[in-house]
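Colleague: for reference, the sequence and a predicted model appear below.
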Amino acid sequence: MNNQNLFAADAVFISDQTEQDMVLKEIYDHLRESGYVKGNFLQHIVEREHNFPTGLDTATLGKNIPNVAIPHTEGEFVNTKLIVPVALKTPVVFHNMINPAQALEVKFLFMLLDNDPDGQAALLAQVMDFLANTPVNELREVLNFTDPSAIYAFLEQKFNKRED
């Protein structure tokens, strides 16, 4: 699979929202304005996150790595294929995808957009591969970045390097 356009410089965000639904709305507003998602995307991503949480406890990846979440919804609400990185200035509570009763303080989102109904599993696998195979010190660093262009450059390089 070609990773060439999995990221867009105008779809990397830093959010200072402190509530999950507000983070998703803030990102949705930008994505909708850019034409990446459809008008009904917000309702569906919020609903899906509530019913099927996407928080990931990163403790197994290494020490002091911020928890992440990988929110996504069905392809019919999306106009493109994209991974949307979102750094959170303040940890936001998401629930664990493995143990939904467990609340996790998340500092970074990888929002998945894929207009191919079968494509999300592949995007999710790529994010999981990135998390599992990036050296701990680099992972800790990028998940704490607060500059969208630095996040974009790092992820573009790392994801494209995987294909070499």
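Modeller: Cool, the structure landed. Bear in mind the structure is a predicted one, so any value in this text is a computation, not a measurement.

Colleague: these two touch, right, residue 156 and residue 5?
Modeller: No. Assessed by Cβ atoms under 8 Å, residue 156 is found out of contact with residue 5, at 9.7 Å. The C-beta positions use only the backbone N, C-alpha and C, and glycine is treated the same way.

Colleague: strands along this protein, start to end?
Modeller: Here the chain has its strands, by DSSP state E, at 13-15, 55-56, 67-69, 81-95, 103-114.

Colleague: helices or strands up against the longest one?
Modeller: Read that as strand 81-95. Packing partners of strand 81-95 (3 or more Cβ pairs under 8 Å, 6 or more residues apart in numbering; DSSP states H and E): strand 13-15, helix 20-33, strand 67-69, strand 103-114, helix 120-133, helix 148-161.

Colleague: out of the ones you listed, deepest packed?
Modeller: strand 67-69 (a mean of 25; mean count of other Cβ atoms under 10 Å).

Colleague: which helices and strands does it pack with?
Modeller: strand 55-56, strand 81-95, strand 103-114.

Colleague: quick one: the last one to helix 20-33, angle?
Modeller: Okay, so that is strand 103-114. 20 degrees (axes from the mean of the first three to the mean of the last three Cα atoms, to 10 degrees).

Colleague: quick one: closest of the helices and strands packed on strand 81-95 to residue 80.
Modeller: Evaluated over the helices and strands packed on strand 81-95, closeness to residue 80 peaks at strand 103-114, with 5.9 Å, by Cβ to Cβ.

Colleague: give me the angle between that closest one and helix 148-161.
Modeller: Here the directions of strand 103-114 and helix 148-161 differ by 70 degrees (the same axes, to 10 degrees).

Colleague: how much space between residue 52 and residue 39?
Modeller: According to Cβ to Cβ, to the nearest Å, residue 52 stands 22 Å off from residue 39.

Colleague: and the two? Which one has more around it.
Modeller: Taking other Cβ atoms under 10 Å, residue 52 and residue 39 do not tie; residue 52 has more neighbours (13 against 9).

Colleague: tell me how far the more buried one lies from residue 74.
Modeller: 11 Å.

Colleague: same thing with residue 90?
Modeller: 29 Å.

Colleague: if you count what's nearby, which of those two comes out ahead?
Modeller: Neighbour tally, residue 90 and residue 74, criterion other Cβ under 10 Å: the higher count belongs to residue 74, 14 against 11.

Colleague: tally of neighbours for the nearest residue to that one once chain neighbours are set aside?
Modeller: In space, and not counting its chain neighbours, residue 74 is closest to residue 44: 6.5 Å by Cβ to Cβ, 6 or more residues apart in numbering. Here the number of neighbours of residue 44 (other Cβ under 10 Å) works out to 17.
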